[in-house]
Each structure stands twice: as structure tokens, then as C-alpha cells.
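Enquirer: would you be able to build a 3D model of this:
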Amino acid sequence: MSTTVTDDQIRALAATAKPYSLAILQREPERASDGADAIELEHQRRMVSLRAEGVIAILCPVASDTVAGIAIMTVPVEEAAAIMAEDPCVRAGMMRCEVHPCHGFPGDTLPS
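Expert: Okay, the predicted model is just below:
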């Protein structure tokens with residue numbers, strides 16, 4: 001680590017923090033059930049739609065046997081939990097979702 005960060009820089013950045021919700025989707029054994037592919041496609045369509053609407057700021061599918069993906073959501077935790085409870089894969093028992101409050105800094109993005 002070669003960049004020096006001062007206490008003042010840390011305080012200035014912390015002052016810009018905004019609340020978000022972190023949704024963590026975890027895979028369940030039911031993901032291999034009949035019709036799972038169609039349900040998974042509807043899940044993907046819904047997540048991309050929520051991203052397009054600005055409800056999801058960052059969407060990251062995860063290549064793992066246990067974690068399906070994460071989403072940084074722009075809505076309060078209670079609203080995020082209600083949205084994710086209606087997810088097709090969650091409703092089908094193929095995934096479960098945990099939602100946690102988090103903070104982010106305006107302007108942060110993933111590199112292109």
C-alpha cells in the first residue's frame with residue numbers, strides 16, 4: 001500500500017456515506033428441482049429490471065456453489081427485504097436472501 005491517507009481524508013469521505021442495503025442470495029438444495037431453469041431465468045430478468053429501475057445500484061452474480069449473488073440496493077433494508085422475498089427463486093425455495101444495512105460512498109463504481 002503506497003497511498004497515504006490522512007485522518008482528515010477519512011473523515012471527509014465518511015461524511016459523504018449514504019445508506020444502502022446489501023442483499024446476499026444463497027443457493028438452496030431445491031435449485032435442482034424440476035422447472036428450476038425457467039424460475040432462474042425469471043429471477044435474472046427481475047434482478048436486471050430492478051437494476052434498470054435504479055433499485056439495485058450494483059448487481060454481482062457469484063460463481064459459487066453456495067452464494068448466488070449480491071446486490072447493493074438503493075432502498076431501506078425493510079423495503080429491500082420485501083422486494084427480495086418476492087424473488088422467483090426465493091419464493092420457490094431455490095435461494096434464500098439475507099439483507100443487511102450498509103453504507104457506500106457516492107461516485108463509487110466498478111471498473112469497466
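Enquirer: show me where this protein has helices.
Expert: Using DSSP state H, the helices of the chain run over 7-15, 36-52, 77-85, 88-91.
Enquirer: so for residue 97, which of those helices sits nearest?
Expert: Taking Cβ to Cβ, helix 77-85 is the member of these nearest to residue 97, at 4.2 Å. Every residue, glycine included, has its C-beta placed from N, CA and C.
Enquirer: list the buried residues for the closest one?
Expert: Of the residues in helix 77-85, 77, 80-81, 83-84 count as buried by neighbour count, 16 or more other Cβ atoms under 10 Å.
Enquirer: same check, this time on stretch 50-70
Expert: Within stretch 50-70, judged by 16+ other Cβ under 10 Å, the buried ones are 50, 55-56, 58-59, 68-70.
Enquirer: so how far is that stretch from its chain's centroid?
Expert: Mean-position distance between stretch 50-70 and its chain equals 5 Å (Cα atoms, centre = their mean, to the nearest Å).
Enquirer: for the residue nearest the centre of the chain, what are its contacts?
Expert: Centroid-nearest residue in the chain: residue 71, 1.1 Å away (criterion: Cα atoms, centre = their mean). With contacts defined as Cβ atoms under 8 Å, 6 or more residues apart in numbering, the neighbours of residue 71 are 22-23, 25, 47, 50, 56, 58-60.
Enquirer: sweet, I'm off.
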